[in-house]
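In: below: sequence and its predicted model.
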Amino acid sequence: MQFSTAFNGRAHEIIELFKATFSRSEGVEEGTLIGDLVRRQLSDTPEDDIRVITVEEDGGLIGACVFSRLTYEQEERTVFVLGPVAVIPERQGRGIGQQLLHHGLAVLRLAGIDVAMTYGDPNYYGKVGFSPVSEDAAAAPFKLQYPEGWLGLSLTEQPFSPLKGRPKCITAFEDPAFW
């Protein structure tokens, strides 16, 4: 497997990966929603505010994840939020997603990012170090449908500590449907 952070010129391929993966697992409507989210992330987000990690095997894209800036108005630490993540259905259940996330978190650490947040299954994301975080410790950009899925991870030597202020996400995530 080969990991990459280069995504320029590959937007269509990455968008289609997300659209197809989510369509197969969650239905066409969800696939369309997530495909459009990724399209907007890749086209509307300033370069400093996004990190895209892809994984290929035998020359074909088999997975990808997107991290984007999450700014807290009273916070000096740099925070990025993970989402979405996809591995083609034929390759799921083989640890590729976890390897992809470990690689992505390492990329963030090397870039000096202090905290990673995500919103998803605590059992899955807990395998790569994320832990549940209350909204008192780190407010979410919108009201969460499943507060138990709000997760955080310190990317420094310091343990996770509360994030101060109201958060602002990138434009692509400014939709309550994602929260």
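Out: Yep, it's here.
In: residues contacting His12?
Out: Residues near His12 by C-beta atoms under 8 Å, 6 or more residues apart in numbering: none. C-beta coordinates here come from the backbone N, C-alpha and C atoms, glycine included.
In: separation between it and Leu61?
Out: 11 Å (C-beta to C-beta, to the nearest Å).
In: all strands of the chain, in order?
Out: Under the criterion DSSP state E, the chain contains strands at 2-4, 50-57, 60-72, 79-87, 115-119, 131-132, 150-154, 167-169.
In: winner for burial among these?
Out: strand 115-119 (a mean of 24; mean count of other C-beta atoms under 10 Å).
In: which secondary structure elements does that one sit against?
Out: Packing contacts for strand 115-119, counted by 3 or more C-beta pairs under 8 Å, 6 or more residues apart in numbering; DSSP states H and E, involve strand 79-87, strand 150-154.
In: in this structure, which spans are helices?
Out: 11-26, 28-44, 96-110, 122-126 (DSSP state H).
In: as a markdown table, the ones you listed with distance to Pro167 and mean pLDDT would be great.
Out: Shown next, in a markdown table, are the helices of the chain (distance: least, C-beta to C-beta, whole Å; pLDDT from 0 to 100):
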| stretch | distance to Pro167 | mean pLDDT |
| --- | --- | --- |
| helix 11-26 | 23 | 95 |
| helix 28-44 | 17 | 96 |
| helix 96-110 | 17 | 97 |
| helix 122-126 | 18 | 96 |
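In: right, so of those, which gets closest to Glu157?
Out: helix 96-110 (10.5 Å; C-beta to C-beta).
In: dump that closest one to PDB, restricted to CA.
Out: Extracted C-alpha coordinates of helix 96-110, given in PDB (Å, rounded to 0.1, in the frame of the first residue of the first chain):
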ATOM      1  CA  ILE A  96      -6.800  -0.500   5.800                       C
ATOM      2  CA  GLY A  97      -8.900   2.200   7.400                       C
ATOM      3  CA  GLN A  98      -7.000   2.100  10.600                       C
ATOM      4  CA  GLN A  99      -3.700   2.200   8.700                       C
ATOM      5  CA  LEU A 100      -5.000   5.200   6.700                       C
ATOM      6  CA  LEU A 101      -6.000   7.000   9.900                       C
ATOM      7  CA  HIS A 102      -2.700   6.300  11.700                       C
ATOM      8  CA  HIS A 103      -0.900   7.700   8.700                       C
ATOM      9  CA  GLY A 104      -3.100  10.700   8.500                       C
ATOM     10  CA  LEU A 105      -2.700  11.500  12.200                       C
ATOM     11  CA  ALA A 106       1.100  11.200  11.800                       C
ATOM     12  CA  VAL A 107       0.900  13.700   8.900                       C
ATOM     13  CA  LEU A 108      -1.000  16.100  11.200                       C
ATOM     14  CA  ARG A 109       1.600  15.600  14.000                       C
ATOM     15  CA  LEU A 110       4.400  16.400  11.600                       C
END
